[in-house]
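Asks: fold the following.
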Amino acid sequence: MNKIILIERLQRERDQFEQLLNRVGFTRQLTMKGVSGGLTVKELLADVLMHEQFIADRLSEVLLSEAYAPAASYTALENFQREFGYPDFESPLPEKEGLYLLALDGYKNIEFDAIVSEELAVYASILDALQTLSHHQCLDHDLFHRIAEHTYRPYRKTGAAIQRWLKKITSKS
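Replies: Numbering: from 1, shown residues only. Alright, predicted model coming up:
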């Protein structure tokens, strides 16, 4: 893979994700539980935002020649989340679910439009950083894979959950 292909794929996946979010429509639907488990569309978008913020921060570290190391202890994992506000998604520690749900709780009192606005800004910063990074930096830090893991793969996962939910609520109407 190269940057041009990754950027094109990222933008195509992003367009599809935004079109789906636009289909959800009414504010009332954005906070209805049960889209994926007990989560709402708003919480799923917050999850996408956390993944994007995670990779945006890692890209910034690469650009600044700073080192990132996944949390190797539970204390380090908790400290990471306290510092950044989202889980260390690349930590090998298996017990991340509690920290993940705690991070989502931080978005309960934030308006959907504010989450969308922040998410759009983070997405733009990912594109900017990707444009700036050299091909060698991308290879050295496995960024083609890591960017996919924290951008368009969550778009696909979230999108599939939303589409299933939309079919379900449409069939009940």
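
Asks: which residue ranges form the helices in this protein?
Replies: For the chain, the helices defined by DSSP state H occupy 3-24, 27-30, 41-63, 74-84, 97-105, 112-132, 135-140, 143-150, 152-172.

Asks: now the closest residue to Q163 other than its chain neighbours: how far from G37?
Replies: Ranked by Cβ to Cβ, 6 or more residues apart in numbering and with sequence neighbours excluded, the top spatial neighbour of Q163 is L20, at 6.8 Å. C-betas here are computed from N, CA, C, even on glycine. Distance, L20 to G37, by Cβ to Cβ, to the nearest Å: 18 Å.

Asks: look at these two and report which has more neighbours.
Replies: L20 (17 against 9; other Cβ atoms under 10 Å).

Asks: and that one, what's its pLDDT?
Replies: pLDDT for L20: 88.

Asks: next one: it from H150, what distance?
Replies: According to Cβ to Cβ, L20 and H150 sit 19 Å apart.

Asks: cool, and S117?
Replies: Applying Cβ to Cβ, the value for S117 to H150 is 19 Å.

Asks: and I110, by the same measure?
Replies: In this view, I110 and H150 are 20 Å apart by Cβ to Cβ.

Asks: looking at the two, which one has more neighbours?
Replies: Neighbour count, other Cβ under 10 Å: between I110 and H150, H150 has more, with 22 against 13.

Asks: so what's the more buried one up against?
Replies: Residues near H150 by Cβ atoms under 8 Å, 6 or more residues apart in numbering: H51, E52, F54, I55, F89.

Asks: pretty sure the first one contacts T151?
Replies: Which is H51. Yes - the pair H51 / T151 is scored as a contact, 7.1 Å apart, by Cβ atoms under 8 Å.

Asks: okay, those two: which has more neighbours?
Replies: Just comparing H51 and T151: by other Cβ under 10 Å the higher neighbour count belongs to T151, 26 against 22.

Asks: and the more buried one, backbone torsions?
Replies: Dihedral pair for T151: phi -130, psi -90, per degrees, to the nearest 10.

Asks: quick one: it from A161, how far?
Replies: From T151 to A161 the distance is 17 Å (Cβ to Cβ).

Asks: please apply the same query to E61.
Replies: Distance of E61 to A161, given as Cβ to Cβ: 30 Å.
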